Structure formats: structure tokens, C-alpha cells
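Chemist: this one's structure only:
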């Protein structure tokens, strides 16, 4: 029997009584992590504590420190992860847990993060993969839903999944329920269904031949000035990390150029950048594939140096791994970029441990 373990990041998100009641069953345990100065709790916690008894574990930090509570939760996850019957849930709006959750999920651990939107509706931000669903079906669905003619209505999406594009290619009789399968694909970030309308997070993938054709056409119509404007986007320390922000920058600084004689649209430029493997977009977040430029490296280094100067020495990261993780959080860069920045900081800052 699967046992559910809930880790509550009380500094980041205070669960409501209704949420906690929905989590609790006879087989669960709750770990409540709260800050050094968080000593007041809503009255309903008394009832929760009585109901759970020894299955409620309260962990209070002795001192306040940047991201300290995150490390505590990560420690307890690692401590308990040898038990394969446990399903972990991190209750927090902090997306900083997601890389760890992705890594553990890929390793077969049952773990997800439960977040809450501003309207207090409980949502699962990164649900655990359902290992009862054949990964081959997911792969087929991803291919089918990465085409330009993918359905925008839920009923048509169901018909596509049931057709030869996905389920129809499997001769077995143990196919998952279509509702469960759609929920699984939605949990993976393939799309979001709202009032029967489907909004996709998967980018449209072209065939290699089509991709080369589009890149060639775009290269021919992009003026040198427009190409320079595109490069300027990626040479800034605050280059857009969200798709909406990237589109806004392209809209204001690229396609508005007077020499945009071909009337390129924002989506044209986005598609060109994706096909050129300059960027990748998933679930509205932009990842940059191009190596960091020296000016950008210097800007990010200076930003990190200023942050370090403001942090009490006792509160600074204590290991290289923690420094690199903090740098990635501070300047939203890749791991390799964070390593380079760490080397610069270590070289020029004698107080680093």
C-alpha cells in the first residue's frame, strides 16, 4: 500500500483546513516545516494535530537563513527515499523544488509539488508520472500533438488519441482510460484544458526538411539590423525567461523595424529561433541554447557579487553545489553558466568558503 508523505513549506504556503482535511487519511504523515519566528498557527491546527498524533512531525528552523527551509525538506526527502512504498508531496508555491522533483521522478521516485493559485484553488504544479501508463503511448501522443493541425477542442483531442495516431497503434487490450490518459498528459505539461478548449504548451515540430526550408527563408528575409536586434535580446543579463515576455520584446524591438519589408510576425521570429535551436519553449518558459556571452557573464557576475555583499557571511551557501544552485536562482542562468560565475566569484572573493 502506498503511503503519502506531505512536506509543508509553511514559510511559503499556509495550507487551509479544507486542503489539509483532503490530504489526511489513516495512512499518511505530515511534516510541518516552519521558520524560526513562525510561532502562531491557525486554530484548526490543534484539531489536525490531535487527529494525526505521532504522524505529525513539526520541524522548526533555529535561525533564519536564505533558502534554509528548502534544504531541510530536501534532507528529509533524501532520508526517507529508500522506502519505495512512499509517495512524497511538497506543499509549496516555490518552483525551486521542481528540478529536484524532476530528477527524483526520472529516477522512479513518486513525488510531486502541490501549489495553490491566488484564488485558493488547490492545484498540482508538478504531478508525479503515472508509471502504470506505457511511456510509448506518451511518446506517440507527444508526436501527434506536436503537429500544426492538432485539435483545439477536447472532444476532437479525444478522437485523435483514440485513433490510429496513439491508441490505435497499440494492439494490446490494457490501454488506459482516456480520461486518465488526458489527465496524465496534462500533468506532463503537454496542454491545459479549460472549458473544453485545449491550449498547448508543446511547440509545433517541423520535419527536418521543413525546418531547413523555414530557416533558409527566414535568413533571406531578416535584414542585418533585425538580426542584430535579435542578438541584443540574448546579450542582456535580464533576457526574457517567459514566452510572453520574449514575444513582447520581439514585438517592440524586432518586427517594428522599418526594414521589416517582409512583414515578419512575432511568431515567425519565435519559430525561426526554435528551428535554429537558439531557444526552446516549454510550458511558457524559455530556455536558451546559445552559450553565454562574455558581456552577459560579466553582468551576471556583478549582480551575484552585489547579492553576496548584502548577505551575512553566516547565511551564505556553504558548499560549491549550494553556491551554484543559488547563482542559478539569482540570475536565472544555466548550470554551466552558474559554474563559470562561481569560478569568477571564488577567484575575486576571498570570503567565499
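Modeler: Right, received. Where do you want to start? Quick caveat, the model's predicted, so the values are computed rather than measured.

Chemist: contacts only, for residue 185.
Modeler: Counting by Cβ atoms under 8 Å, 6 or more residues apart in numbering, residue 185 touches 138, 141, 145, 191. (Glycine included, C-beta is placed from N, CA and C.)

Chemist: tell me which of the residues you listed fall in helices.
Modeler: Among the contacts of residue 185, the ones falling in helices (DSSP state H) are 138, 141.

Chemist: kindly reformat the contacts of residue 185 as a markdown table containing neighbour count and distance to residue 97.
Modeler: Shown next, in a markdown table, are these (neighbours: other Cβ atoms under 10 Å; distance: Cβ to Cβ, whole Å):
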| residue | neighbour count | distance to residue 97 |
| --- | --- | --- |
| 138 | 18 | 23 |
| 141 | 24 | 27 |
| 145 | 23 | 27 |
| 191 | 20 | 23 |
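
Chemist: any idea which of the contacts of residue 185 is closest to residue 244?
Modeler: residue 191 (17.1 Å; Cβ to Cβ).

Chemist: and which of the contacts of residue 185 is nearest to residue 14?
Modeler: The shortest gap between residue 14 and any of those belongs to residue 191, at 30.7 Å (Cβ to Cβ).

Chemist: for the residue nearest to that closest one when sequence neighbours are not counted, grab phi and psi.
Modeler: Excluding its sequence neighbours, the residue lying closest to residue 191 (Cβ to Cβ, 6 or more residues apart in numbering) is residue 200, at 4.7 Å. Backbone torsions of residue 200, given as degrees, to the nearest 10, read phi -90, psi 140.

Chemist: model confidence for residue 200, exactly?
Modeler: Looking at residue 200, its pLDDT is 79.

Chemist: can you give me the helices in the protein?
Modeler: For the chain, the helices defined by DSSP H cover 17-23, 44-52, 68-80, 98-106, 135-144, 154-162, 178-187, 208-221, 224-234, 243-253, 266-275, 294-310, 320-331, 335-348.

Chemist: and the fourth one, what's its mean pLDDT?
Modeler: Think helix 98-106. On average, helix 98-106 scores 85.

Chemist: again with the second one
Modeler: pLDDT averaged over helix 44-52 equals 86, rounded to a whole number.

Chemist: contacts for it next, please.
Modeler: Residues lying outside helix 44-52 but in contact with it, judged by Cβ under 8 Å, 6+ apart, are 17, 20, 24, 29-30, 56.

Chemist: 6 Å instead, please
Modeler: By Cβ atoms under 6 Å, 6 or more residues apart in numbering, the residues outside helix 44-52 that reach it are 17, 20, 56.

Chemist: now which of these would you call buried?
Modeler: In those, burial by neighbour count holds for 20, 56, counting by 16 or more other Cβ atoms under 10 Å.

Chemist: out of the contacts of helix 44-52, who's nearest residue 269?
Modeler: Within the set of those, residue 20 lies nearest residue 269; the separation is 46.8 Å, counting by Cβ to Cβ.

Chemist: apart from its chain neighbours, what residue comes closest to that closest one?
Modeler: Sequence neighbours aside, residue 48 is the residue nearest to residue 20 in space, at 5.7 Å (criterion: Cβ to Cβ, 6+ apart).

Chemist: and that neighbour, how far from residue 274?
Modeler: 47 Å (Cβ to Cβ, to the nearest Å).

Chemist: repeat for residue 84
Modeler: Distance, residue 84 to residue 274, by Cβ to Cβ: 39 Å.

Chemist: residue 308 now?
Modeler: Distance, residue 308 to residue 274, by Cβ to Cβ: 35 Å.

Chemist: what's the closest of the contacts of helix 44-52 to residue 297?
Modeler: When the contacts of helix 44-52 are compared for distance to residue 297 (Cβ to Cβ), residue 20 wins out at 45.5 Å.

Chemist: output the below-cut-off pLDDT ranges for the stretch 201-350 of the chain.
Modeler: Residue ranges of the stretch 201-350 of the chain with pLDDT under 70: 203-218, 235-238, 283, 289-295, 350.

Chemist: what's the domain layout of the protein?
Modeler: Here the domain assignment for the chain is 3-126, 135-200, 214-288, 294-348, based on automatic domain parsing.

Chemist: spatially central residue for this protein, please.
Modeler: With distances taken as Cα atoms, centre = their mean, the residue of the chain nearest its centroid is residue 98 (5.7 Å).

Chemist: from residue 288, how far out is it?
Modeler: Residue 98 sits 18 Å away from residue 288, going by Cβ to Cβ.

Chemist: enumerate every residue touching the closest residue in space to residue 27 that isn't next to it in sequence.
Modeler: Leaving aside its sequence neighbours, residue 27 sits nearest to residue 3 (Cβ to Cβ, 6+ apart; 5.2 Å). Shown in contact with residue 3 (Cβ under 6 Å, 6+ apart): 27, 85-86.

Chemist: so which of those are in strands?
Modeler: Among those, the members falling in strands (DSSP state E) are residue 86.

Chemist: contacts only, for residue 193.
Modeler: Contacts here follow Cβ under 6 Å, 6+ apart; on that basis residue 193 touches residue 154.

Chemist: show me what it is bridged to.
Modeler: Beta-bridge pairing of residue 193, defined through DSSP bridges, involves residue 198.
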